[in-house]
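here is my input; please provide its structure:
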Amino acid sequence: MLWPMFFLALAFCGIAVLGVLAVRVGLEVRRFSRAVGDSSERITRAAENLERAATPLATRTGRGAGPGGTQGSNET
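Prediction:
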């Protein structure tokens, strides 16, 4: 009767360890997804700022016609 109790206690400890690790992984995934979302927003803002800063320069050189425009293309 000692060995079945020992193995049952060992199995319970193993499941408890797996449960704790699952909770830790879940928390890390939540933290990582939040960081990815923040980084995505920063990249989007940076791209918008770059586009806003490049538009006057492109217009000045005659290559920019705004979004979706074809002015200044070198097709023959």
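
report the mean per-residue pLDDT for stretch 43-61.
Stretch 43-61 shows a mean pLDDT of 90.

can you pull the buried residues of it?
Of all the residues in stretch 43-61, those buried under the rule 16 or more other Cβ atoms under 10 Å are Ala58. To be clear about C-beta, it is placed using only N, CA and C from the backbone, and glycine gets the same treatment.

and stretch 25-33, how far from the chain's centre?
In this view, stretch 25-33 has its centroid 12 Å away from the chain centroid, taken as Cα atoms, centre = their mean, to the nearest Å.

over to stretch 53-66?
Distance of stretch 53-66 from its chain centroid, counting by Cα atoms, centre = their mean, is 31 Å.

same thing with stretch 27-41?
6 Å.

convert that stretch to PDB, retaining C-alpha atoms only.
The C-alpha atoms that make up stretch 27-41 are tabulated as PDB, following Å, rounded to 0.1, in the frame of the first residue of the first chain:
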ATOM      1  CA  LEU A  27       1.400  35.200 -18.200                       C
ATOM      2  CA  GLU A  28       4.500  35.500 -20.300                       C
ATOM      3  CA  VAL A  29       2.400  35.100 -23.500                       C
ATOM      4  CA  ARG A  30       0.100  37.900 -22.300                       C
ATOM      5  CA  ARG A  31       3.100  40.100 -21.600                       C
ATOM      6  CA  PHE A  32       4.700  39.300 -24.900                       C
ATOM      7  CA  SER A  33       1.500  39.900 -26.900                       C
ATOM      8  CA  ARG A  34       1.100  43.300 -25.200                       C
ATOM      9  CA  ALA A  35       4.700  44.200 -26.100                       C
ATOM     10  CA  VAL A  36       4.200  43.100 -29.700                       C
ATOM     11  CA  GLY A  37       1.000  45.300 -29.900                       C
ATOM     12  CA  ASP A  38       2.900  48.300 -28.500                       C
ATOM     13  CA  SER A  39       5.700  47.800 -31.000                       C
ATOM     14  CA  SER A  40       3.300  47.500 -33.900                       C
ATOM     15  CA  GLU A  41       1.700  50.800 -32.900                       C
END
